[in-house]
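Participant: any chance you could fold what I've pasted below:
(2 chains)
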Amino acid sequence: MTLAVILILALGGLVLALIAPNFDDRPGALGAISGTIFGATLLLGLGAAGETGTLYGAIQLGPTTALAIVLLSLVGLLVAAGATIREGGFALGSGEVHALVMWGVLGGILLVGSVHLLIFYLGLELSAYSTYVLVGYNRERRFGTEAAAKYMMLGAVGSALLLFGMALVYAETGSIGYPGIALGLAYNTTPLALGGLALMLVGLGFKLAWVPFHAWAPDAYQGSFPLMAGFLSVAPKTAVALGLAVLLSRAFGGASSPVVGWITGLALVSVVLGSLWALLQADLKRLLAYSTIVHMGFLGLALATVSLTGYVAVAYYLLAYIVTSLGLFFALEALEARGVPSTIAGWKGLGRRSPLVGVLVAIFVLSLAGVPLLAGFLAKLYVFAALAEAQAWTALVVAVVMVVLGYYFYFRILAAVFLEEPGEEAQALEISPTALSLMVVLAVAVIALGVWPQSVLGWLQQAVAGLL
Amino acid sequence: MSYVELSYWIPLLPALGFVVLILFGRSLPGRSSGWIATAVMAVVAVLSLGLLYDVMLAAPGWDLAALLGGHHEEALAKAGSPDFPFRLEWNWLAIRGEAGIPLVIYIDALAAVVTAMVALASLFIHLFSVGYMDGEERYPTFFAYLQLFSAAMLAFVLAGNFFHSLLSWEVMGLMSYLLIGFLYKKKTAQQAQKKAFITTKLADLGFMLGLFWLYLLVGNFDLADLASEQTLAMIGTGAAAAVGLLVFVAAMGKSAQFPLHVWLLDAMEGPTPVSAMIHAATMVAAGVYLTARFYPLLIHGDVLWVVALVGAFTALFAAILAPAFADVKKILAWSTVSQLGYMFLGLGVFGWAAAMFHLVAHAFFKALLFLGSGSMIHGAKTQDIFEMDQLKKYMPWTYWTFLIGALALMGIPPFAGFWSKDLILHAAEEHAKALWLMGLTAAFFTAFYTTRMIVIAFHKPAMPSPWKAAEWTRGAPWLNLGPDEAEPDPSPPEGHHPHESGVEMITALVALAALSFFVGLWGSPLGGYGLLTLVYWGEMPEILPASKLMMGYLTGTLVALSGVALAWFWYSTDPLRQRAPVWLTRMLQRRFYIDEFYYQVVGRIAQAPTYVLAFVDRYLVDGLVDLVGYSTQVASAFLRHLQSGRFATYALYMLLGALALYVGGVR
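Facilitator: Next up, the predicted model:
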């Protein structure tokens, strides 16, 4: 089934790219095709959890790969639906968006499932290239092009460092297969191998936007369409976080690896600095970029515990972040399509102009902040539980303090939405019914995940248990 | 699908109604928000009546003859169905398989009866408000508040877990605060809402302390579990007494028992339907209900006598104060305090089922009386009974329905209050003669002030209010407001003639009058004590043999009639004649100076440490907090410079990061 998923996504992207020009005036049809494909792969992914063995010695079959398929297909499905929010589609054509999203998802699945560094790198680049294009999709705005160029060049630096790191690891261990690397590293960690691991982590930290490799994120978010920023905030993150968990367990030697300490350090720096940066942001997309950095920091803390609780926390965090973040970016997309600028000042009195949108936005923002009964709260709670279980008290204290700091900048959004009066020229808002229904579905998911997480948790636990 | 499985909709529907109305109420035209709220309550009322029906089918039945003969062991005529009391349970706050605090709906006969009472009473209060609040500036907001208030009370009654009782209890506290101060531009309303909130909040501390202590003792918050013998065996008598009394303090606050009664009278600053809501259907009933739920613990700790004493004293105290007032709502407020005293007296002397009967009966007739008074105020444009002009002539519907409520309050057969109050007095006579005498005296005063109110307001033409002119009635010292700060109540405009109220208000009055009458019959011997045997749980010997009952009924009726006769004799001839010395009237109107004592003495004493704390807070805590906030902002502003937007800088960060990792790893 994993093979079927890979083939469907690769060919589906190709077909979509080829037929796209004929559908420029009917973006909804493309969204429907793309959504159907992702729906199919999501179902296949659910069935793929029972598979065993490897595919051509390159892709590991089993629950972890299935988890990646399910989560990433979910992202693809939502983004495909979200691409129809703007009536008339994107000025540069919509078909390519779907194709690129599909290949981005495919790359993500490959990098999680791979059992050696070559496929890992190819998957990473496949997903990276589609995001470069997606960020630059807003070509009519100077900002968009600039952001894409910057993002791509920094991405090239990141990839170069990653490749160099892989080369060093290969030079020391004599293998690019995960088991071989694990074996080679187990005997001795030479300075050269250490350098290789450090460089690899830089490349991966770049994708996860950990400080100090994060600098591209605020510019890229600000320059792109909210929908693309939303995709950027969840799809590469999900893939790389799971991929890193796999690498950590199968290649780097688990809890005893020096990588674990580095991850903790990077994650802590990201949580603290990201929160501080976010405090004074006036642009919502920039603010959400820093919010992503903070969230990836929390996720990194759980990842570095290398425990079952920690990995379940990572998986749940990703799921919660997908539904929450995409919900908020859909709101941004729908509002930008109605001419509401994505700034805190632009959102003043939004709750007055459209109460329903106000409430939905509030649900997503509160979930990001981590307010009880919402998915974001449980996600953080499981991270804290993992930290407490691993007796990482410093990290726990820092994380909890930063949650409080986080309330400050998230509540700034809500204060603007509900407590401030709309400007004079503002009238009641009617946003696209597609966006509204998507947001309602996601809000319900946020609440449902926060109130009844049991069954989902059980499934996630099965999916990650194999990594330990 | 049975009504039991649907029961969670009972609190949920009005809560959803609140959300909808608070968000979209302002965009709804005219009175539609009121009608939506009323429709929601109508559905809730149907659901709760269905629930009551299901419970009546499933509850155990008792043989009346055996019960009356005092043979409780043989009295079980029909065993209850095995799944009774019903219990719906959902996991909540459970992390990876731990127990957490399950969300429980617990439906026994008492819960079902009280749920039905709350739902019906608040349905008619909603209906009444549709007309009464017409033209009010924040009309939709008012209904949104009413909805959440009802939702909180219903959730409180159905909660099977004391933790959730506490949550809904607090929501009720908040909603009472918001509703009492609904006319927020009035200074007296602002003071009154604060007074109510602070008094009840102070008492709520007892609930929290008692609850958490209880949790330490037994390890859960389960309501049904508290009644089981194993649980009680885990609690020492002393601890049970302490926990019971702590919770009782909270009940005293919510149900306005002496010495925490002070807030209730001033809560009349809210619109009249709010008074009906707070003083009949929801808030005050919650305290009695809570005490009834902690009954096993109170018996175990042997502290029921405290409950009885507080109840009897409050009943008498409030009944003595009521005749000194001229404001119809305040007279009714005192009567509420007094009647709640009866309920606690009943609970305290093992008259559990009788007290519950009085709770339900009182809820209906007091809602009726308050809504009736609302109709009177609406028609007469004044709250002062002396200024009301022969309302009997102008407002016949209001008069006759109000009379039914008043007869029930006075305890004249065959109206509701007669049956329920006399059962409480019987139980008191069995256990404590002194308390019984206090109760009887209170009954006399009740009949007296009720008759006074009716004669002056409905039968007599308007006359100048005897106390409005007196210098010493200026201001509101009981609210800590000076003569200039409190506006006197408005008098009706010159030449105003009262008029009957609109059709939805009258409908509500008639419905409540009928309900109060039939609920009274349902619990009376004529109805085979139906209500009592339904909630009866097989321990409380409050149902007495017929011979003793007749004596009690006779005494009760005579006492009530003598009160009526005295009031009629005095007030039908010359209502304005001052019969009590002025110092006594003044003392009664100033409520024995208890409120002022609280403000001046207790308030001052409580304030003393706050000066020290204020100093520490201003200079130490605030300083630290400001420092943290300031340094964070400085750091944030500094960090912004790192985000230069230049590619080379960013690439440099990456390389430096890689270097830092490497150095960290080697070391």
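Participant: where do the strands sit along chain B?
Facilitator: Here chain B has its strands, by DSSP state E, at B:61-62, B:76-78, B:86-90, B:103-107.
Participant: got those as CSV, with mean neighbour count and distance to B:Met587 columns?
Facilitator: From N, CA and C alone the C-beta is placed, and that goes for glycine too. Output for the strands of chain B, formatted as CSV (neighbours: other CB atoms under 10 Å in any protein chain shown; distance: least, CB to CB, whole Å):
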stretch, mean neighbour count, distance to B:Met587
strand B:61-62, 17, 49
strand B:76-78, 13, 53
strand B:86-90, 16, 51
strand B:103-107, 21, 46
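Participant: what residues does the stretch 501-650 of chain B have near chain A?
Facilitator: With CB under 8 Å from any CB of the partner chain as the criterion, the stretch 501-650 of chain B comes near chain A at residues B:632-633, B:635-637, B:639-640, B:643, B:645, B:647, B:649-650.
Participant: would TSV of those residues with neighbour count and pLDDT be doable?
Facilitator: Shown next, in TSV, are these (neighbours: other CB atoms under 10 Å in any protein chain shown; pLDDT from 0 to 100):
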residue	neighbour count	pLDDT
B:Thr632	16	77
B:Gln633	13	78
B:Ala635	15	79
B:Ser636	19	76
B:Ala637	12	78
B:Leu639	16	77
B:Arg640	14	76
B:Gln643	17	75
B:Gly645	12	73
B:Phe647	18	79
B:Thr649	12	83
B:Tyr650	23	84
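Participant: of those, which belong to helices?
Facilitator: Counting by DSSP state H, the part of those found in helices is B:632-633, B:635-637, B:639-640, B:647, B:649-650.
Participant: list the contacts of the residue of the stretch 1-150 of chain A at minimum distance from chain B.
Facilitator: In the stretch 1-150 of chain A, the residue that lies nearest chain B is A:Lys150 (5.4 Å; CB to the nearest CB). By CB atoms under 8 Å, 6 or more residues apart in numbering or on different chains, the contact list for A:Lys150 reads A:216, A:219-220, B:647, B:650.
Participant: rewinding a little: for A:Leu373, find the nearest of the strands of chain B.
Facilitator: strand B:103-107 (11.9 Å; CB to CB).
Participant: could you tell me the angle between the closest one and strand B:86-90?
Facilitator: Compare the direction of strand B:103-107 with that of strand B:86-90 by axes from the mean of the first three to the mean of the last three CA atoms, to 10 degrees and you get 170 degrees.
Participant: which strands or helices does strand B:103-107 pack on?
Facilitator: strand B:86-90, helix B:139-158, helix B:223-226 (3 or more CB pairs under 8 Å, 6 or more residues apart in numbering or on different chains; DSSP states H and E).
Participant: quick one: A:Gly113 from B:Val455, how far?
Facilitator: 90 Å (CB to CB, to the nearest Å).
Participant: between these two, which one's more packed in?
Facilitator: A:Gly113 (29 against 18; other CB atoms under 10 Å in any protein chain shown).
Participant: you'd agree that one is up against A:Pro63?
Facilitator: No: look at A:Gly113 against A:Pro63 with CB atoms under 8 Å: they stay out of range, at 11.2 Å.
Participant: so what's the residue of the stretch 251-400 of chain B found nearest chain A closest to, chain neighbours aside?
Facilitator: Residue nearest to chain A within the stretch 251-400 of chain B: B:Ala286 (24.7 Å; CB to the nearest CB). Leaving aside its chain neighbours, B:Ala286 sits nearest to B:Lys254 (5.2 Å; criterion: CB to CB, 6 or more residues apart in numbering or on different chains).
Participant: and the one you found, what pLDDT?
Facilitator: Note on B:Lys254: pLDDT of 87.
Participant: what sits against it?
Facilitator: Counting by CB under 8 Å, 6+ apart, B:Lys254 has contacts B:169, B:172-173, B:200, B:203-204, B:283-284, B:286-287, B:290.
Participant: how many residues are close by the closest residue in space to B:Leu110 that isn't next to it in sequence?
Facilitator: Leaving aside its chain neighbours, B:Leu110 sits nearest to B:Val535 (4.8 Å; criterion: CB to CB, 6+ apart). B:Val535 is flanked by 23 other residues according to other CB under 10 Å.
Participant: residues contacting B:Val535?
Facilitator: B:109-110, B:113, B:353, B:356-357.
Participant: could you pull out the strands for chain A?
Facilitator: Under the criterion DSSP E, strands of chain A are mapped to A:54-55, A:59-60.
Participant: got those strands as TSV, with mean pLDDT and mean neighbour count columns?
Facilitator: TSV is the format used below for those (pLDDT from 0 to 100; neighbours: other CB atoms under 10 Å in any protein chain shown):
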stretch	mean pLDDT	mean neighbour count
strand A:54-55	90	15
strand A:59-60	92	22
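Participant: what's the closest of the ones you listed to B:Leu435?
Facilitator: Taking the strands of chain A one by one with CB to CB, strand A:59-60 is closest: 80.1 Å.
Participant: distance from the closest one to the middle of the chain?
Facilitator: Its chain's average C-alpha position is 22 Å from that of strand A:59-60, according to CA atoms, centre = their mean, to the nearest Å.
Participant: burial count for the residue in the stretch 401-550 of chain B positioned nearest to chain A?
Facilitator: Per CB to the nearest CB, B:Glu504 is where the stretch 401-550 of chain B lies closest to chain A, at 28.2 Å. As a burial measure, B:Glu504 scores 21 neighbours (other CB under 10 Å).
Participant: one more: B:Thr573?
Facilitator: 8.
Participant: go on, B:Tyr8?
Facilitator: As a burial measure, B:Tyr8 scores 16 neighbours (other CB under 10 Å).
Participant: quick check: closest non-adjacent residue to it.
Facilitator: B:Ile105 (5.9 Å).
Participant: who does that neighbour form a beta bridge with?
Facilitator: Here B:Ile105 sits in beta bridges with B:Leu88, B:Ala159, going by DSSP bridges.
Participant: can you tell me how far B:Leu21 is from B:Met550?
Facilitator: 52 Å.
Participant: same drill for those two, tell me which one is more crowded.
Facilitator: A count of neighbours by other CB under 10 Å puts B:Leu21 above the other of B:Leu21 and B:Met550, at 26 against 11.
Participant: residues contacting the closest residue in space to the more buried one that isn't next to it in sequence?
Facilitator: In space, and not counting its chain neighbours, B:Leu21 is closest to B:Ala144: 3.8 Å by CB to CB, 6+ apart. Applying CB under 8 Å, 6+ apart, we find B:Ala144 in contact with B:17-18, B:21-22, B:25, B:33, B:37.
Participant: residue 238: neighbour count?
Facilitator: In the absence of a named chain, this looks at chain A. 27.
Participant: wait, chain B
Facilitator: Neighbour tally, B:Gly238, other CB under 10 Å: 10.
Participant: so for it, what's the pLDDT?
Facilitator: 87.
Participant: would you list the phi and psi of the residue nearest to it when sequence neighbours are not counted?
Facilitator: Spatially, and ignoring its direct neighbours in sequence, B:Gly238 is nearest to B:Gly301 (7.5 Å; CB to CB, 6+ apart). Dihedral angles of B:Gly301 (phi, psi; degrees, to the nearest 10) stand at phi -80, psi 0.
Participant: for the chain, which helix extends over the most residues?
Facilitator: The chain I'm using is chain A. helix A:142-173.
Participant: right idea, wrong chain: chain B
Facilitator: Every helix in chain B considered (DSSP H), the longest is helix B:187-218.
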